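Asks: model the following, please.
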Amino acid sequence: LRQALRLDRRLARAEYTLGRIAWLAGDVARATAHAERAVRLDSRSAMAWHALGLCYRRQQRPDDAIAAFRAALAREPDHPPALLALAEVLIERQQTEAARDCLERLVARQPDHAEACALLGNLYLWRSAEPSAPARAEALLLRAARAGFRPEQVYLDLGQLYERRGDLPRAIAMLRRAIAADPRDERPYFVLARVYRRSGNPTAAATTEARFRRISRLHSEMIRLEARVSTHPDDRAAQLRLARVYAELGLADAALGQYDAYLRRWPDDRSAAQERARRYGRRGGRPPSP
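Replies: Reported below is the predicted structural model:
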C-alpha cells in the first residue's frame, strides 16, 4: 500500500485501507490521519467518511464524529454503518429524536438488524411517551432477542417492559434469561427481586436481593482495587485480592492475568499458585518466570 502511494499519492482507497490497518493495530492517531487524507482525496466515499467518524468518536470528539457520519450519509443516505454509528453518538448526546430517526431508517432498510432493533426498542421503552411505544418496543426487542444480540441487555429491557405491563410471569422469565446470559450483571437481580415481591414470593425476592448485593459489593471492590494496584504496584494484598475478586465475578481471563502478574512479582507464594491451579488448572499455562 505504501509502495502504491509512492507511485500515486491520489489513491484514496490505499489511504483508507492503511487507516483500517492502523485502527486494527490500535493506533487511532495514525488511523485518523489516513482517514482524513482519504476523504480529502475522495470526498464522495461514504465508507471513508464513516471511518473518519469512528476515529473522531474514539478520540472523544463527538461533534466532529457527528459531522463525519452525516457527511457519509450525504453521499449514501442509507449507509447502514453510518446510520448506526450516528445514532449511537446522538444517544450519548441525548438527541433522542434524531437518533430514533436514524434507527428507523436503518430498520426500514434492514428489518432484522439486531443492534438497531435493540437500540430502537430501548429508546421506545425508556424515552418515548407515545401510546404505541410499548408495543413497538416489544416487537423490536423480541426481534433482537431472536438474533441473539446482547441478550443480557435485551432480556433485561423485556423483563422491565413486562413488569411495567403487569405481566409478572413473563417478566420473571425474561429476567432469568438476562441472568443466564450474564450472571455477573447485578441489574437483572435487582429488578427480579422487585418482581418477586410483587408476585408474592418473598423468599425468592430475599435470595435474589442477596445475590444482587453480593455482586454489587464485588464490583465496587473491583473498581477500588484496580485503582489501588495501578497506583501502588507493591501492595501485595491488593494485588492478590484483585485476582480473587475477578475470579468470584467469573472474569476468568482477568483473574488468570492478575494471578500471573502477582506470581511473577512474588513467585515464592506457593499458596497463591495452588489457589490459581485449583481454580483454573493449567489453563493459560504457567506464569512466566520472573
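Asks: buried sites along the top helix by length along the chain?
Replies: Among the segments of the chain that qualify as a helix by DSSP state H, the longest is helix 202-231. Across helix 202-231, burial judged by 16 or more other CB atoms under 10 Å covers 204-205, 208-209, 211-212, 215, 218, 221-222, 225-226, 228-229. Every residue, glycine included, has its C-beta placed from N, CA and C.
Asks: what's the answer for stretch 43-51, then?
Replies: Buried, per 16+ other CB under 10 Å, within stretch 43-51: Ser45, Ala46, Met47, Ala48, Trp49, His50, Ala51.
Asks: against which helices or strands is the longest helix of the chain packed?
Replies: Counting by 3 or more CB pairs under 8 Å, 6 or more residues apart in numbering; DSSP states H and E, the packing neighbours recorded for helix 202-231 are helix 187-198, helix 236-248.
Asks: how far does it sit from the chain's center?
Replies: Offset of helix 202-231 from its chain centre (CA atoms, centre = their mean, to the nearest Å): 20 Å.
Asks: what does stretch 12-24 give?
Replies: With CA atoms, centre = their mean, you get 24 Å for stretch 12-24.
Asks: buried ones in it, by neighbour count?
Replies: Buried-residue list, stretch 12-24, by 16+ other CB under 10 Å: Ala12, Ala14, Glu15, Tyr16, Thr17, Leu18, Gly19, Arg20, Ala22, Trp23.
Asks: could I get it in CSV with only the CA atoms?
Replies: C-alpha atoms of stretch 12-24 as CSV (Å, rounded to 0.1, in the frame of the first residue of the first chain):
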residue,chain,number,x,y,z
ALA,A,12,-7.8,7.3,-1.7
ARG,A,13,-8.5,3.6,-1.3
ALA,A,14,-4.9,2.9,-0.3
GLU,A,15,-5.1,5.6,2.4
TYR,A,16,-8.4,4.2,3.6
THR,A,17,-7.0,0.7,3.8
LEU,A,18,-3.9,1.8,5.7
GLY,A,19,-6.2,3.6,8.1
ARG,A,20,-8.1,0.4,8.7
ILE,A,21,-4.9,-1.5,9.4
ALA,A,22,-3.8,1.2,11.8
TRP,A,23,-7.2,1.1,13.5
LEU,A,24,-7.0,-2.7,13.9
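Asks: what does it contact?
Replies: With contact meaning CB atoms under 8 Å, 6 or more residues apart in numbering, stretch 12-24 is reached by 1-2, 4-5, 28, 30-35, 37-39, 41-42, 45, 47-48, 51, 54-55.
Asks: with that, I have no additional questions.
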